[in-house]
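Asks: Sequence first, then the predicted structure, then my questions.
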Number of protein chains: 2
Amino acid sequence: MNIGEAARHAGVSAKMIRHYEQIGLIAPVPRTDAGYRIYGEREVHTLRFIRRARDLGFSVKAIGQLLALWQDRNRASADVKAFALAHIEALNAKAAELQAMARTLQHLADHCHGDHRPDCPILEDLAGDG
Amino acid sequence: MNIGEAARHAGVSAKMIRHYEQIGLIAPVPRTDAGYRIYGEREVHTLRFIRRARDLGFSVKAIGQLLALWQDRNRASADVKAFALAHIEALNAKAAELQAMARTLQHLADHCHGDHRPDCPILEDLAGDG
DNA sequence: CCTTGACCTTGACATCATGGGAAGCCCCAC
DNA sequence: GTGGGGCTTCCCATGATGTCAAGGTCAAGG
């Protein structure tokens, strides 16, 4: 199977597959005489794993560790769980940060007339005039 | 005032001040004979505005628009408000996305024993085995 | 046999905001 | 006049992805 087909099956762009190979996240695959990469079910499976991990917000570096855990038959589920919980923490922290920004801005917007007049507490706050 | 002092007063790194100048977010300032940038209160005020806007999650491009609104005495507060509300929407959407990831992962983690055994629904889900 | 179109290859560049570092000039205090 | 710290510019790196370009390849149809 060529890279394009593998990409379609895994839900990852061909570009990213090459990229993942280049940064060492996945191992290089065999090539045809013409230099075309050849993929099998096993590789597509790995790519799908990567795709799902990405959808859960894991960084490529973290995905590398997840792949290592996945391929290690002797890992303890506790290790995986700890890894996941740490990521959940990070996700929630980031979400909270964004919500705090939204709350602050909402508060400012609530006090803005929003009409044709120029006075605006939003800009006044940004300018430090408040 | 030199760039370092301006940076300290505004809470922005000197590196970023030069960058903001280079990308046109702020106007070039006068220089000494030796080529040192010279800043006054007015410039520091603008830099502080930029810093606050960044803290609220605005992109540099958006900050450019905010600066334009700030310096336009004829703007309607409605324009500023609409801009802010759109940003609030984006922030909330992003936060919701992160929380959805966290929720999914938490659900998987809840079903992981987290002991010495290798079986782990988290990896199984990522692998598509579920 | 040749063309056409779809696909593959590599490589370079862009995004966005920020930091790091190097080479070299400048200023002030001692 | 020297030492240390600040300034200048320029280049490189991050992280994940996309775009574009130039050129090779393959399969199908005339």
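Replies: Right, received. Where do you want to start?
Asks: can we go C-alpha only for contacts and neighbour counts from here?
Replies: OK.
Asks: mind giving me the domain split of chain A?
Replies: Domain segmentation of chain A under automatic domain parsing yields A:1-72, A:76-130.
Asks: Of the ones you listed, give the one that comes closest to DNA strand C.
Replies: Among the domains of chain A, domain A:1-72 comes nearest to DNA strand C, with 3.2 Å by CA to the nearest atom of the strand.
Asks: Can you give the distance of stretch A:102-114 from its chain's centre?
Replies: Computed by CA atoms, centre = their mean, to the nearest Å, the chain-centroid distance of stretch A:102-114 equals 31 Å.
Asks: Which element, helix or strand, includes A:Gly35?
Replies: Using DSSP states H and E, A:Gly35 sits in no helix or strand.
Asks: Return the distance of it relative to A:Gln22.
Replies: In this view, A:Gly35 and A:Gln22 are 15 Å apart by CA to CA, to the nearest Å.
Asks: Have a look at those two and say which one is more surrounded.
Replies: A:Gln22 (12 against 8; other CA atoms under 10 Å in any protein chain shown).
Asks: For the more buried one, give me its contacts.
Replies: If you count contacts by CA atoms under 8 Å, 6 or more residues apart in numbering or on different chains, A:Gln22 has none.
Asks: same thing with A:Ala7?
Replies: So A:Ala7 contacts A:Ser13, A:Ala14, A:Ile17, A:Val44 (CA under 8 Å, 6+ apart).
Asks: how about a cut-off of 6 Å?
Replies: Contact partners of A:Ala7, counting by CA atoms under 6 Å, 6 or more residues apart in numbering or on different chains, are A:Ser13, A:Ala14.
Asks: State the three-state secondary structure for it.
Replies: Each residue gets one of three states, and A:Ala7 gets helix by DSSP: H, G, I helix; E, B strand; the rest coil.
Asks: Near chain B, which residues of chain A? Just list them.
Replies: Within reach of chain B by CA under 6 Å from any CA of the partner chain, chain A has these residues: A:49, A:52, A:56, A:75-78, A:81, A:88, A:91, A:95, A:98, A:101-102, A:109, A:114-120, A:126-127.
Asks: just to revisit the earlier point, could the domains of chain A be laid out in JSON lines, adding distance to B:Gln65 and mean pLDDT?
Replies: Shown next, in JSON lines, are these (distance: least, CA to CA, whole Å; pLDDT from 0 to 100):
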{"stretch": "domain A:1-72", "distance to B:Gln65": "30", "mean pLDDT": "96"}
{"stretch": "domain A:76-130", "distance to B:Gln65": "12", "mean pLDDT": "94"}
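Asks: quick one, which of those domains is packed in tightest?
Replies: Most buried of the domains of chain A, by mean neighbour count (mean count of other CA atoms under 10 Å in any protein chain shown): domain A:76-130, with a mean of 18.
Asks: Quick check: most distant residue from the centroid of chain A.
Replies: A:Arg117 (42.7 Å; CA atoms, centre = their mean).
Asks: what helix or strand does that one sit in?
Replies: Judged by DSSP H and E, A:Arg117 forms part of no helix or strand.
Asks: give the contact list for the residue nearest to it when sequence neighbours are not counted.
Replies: Leaving out its chain neighbours, the residue that sits closest to A:Arg117 by CA to CA, 6 or more residues apart in numbering or on different chains is B:Ala76, at 5.1 Å. Residues near B:Ala76 by CA under 6 Å, 6+ apart: A:His116, A:Arg117, A:Pro118.
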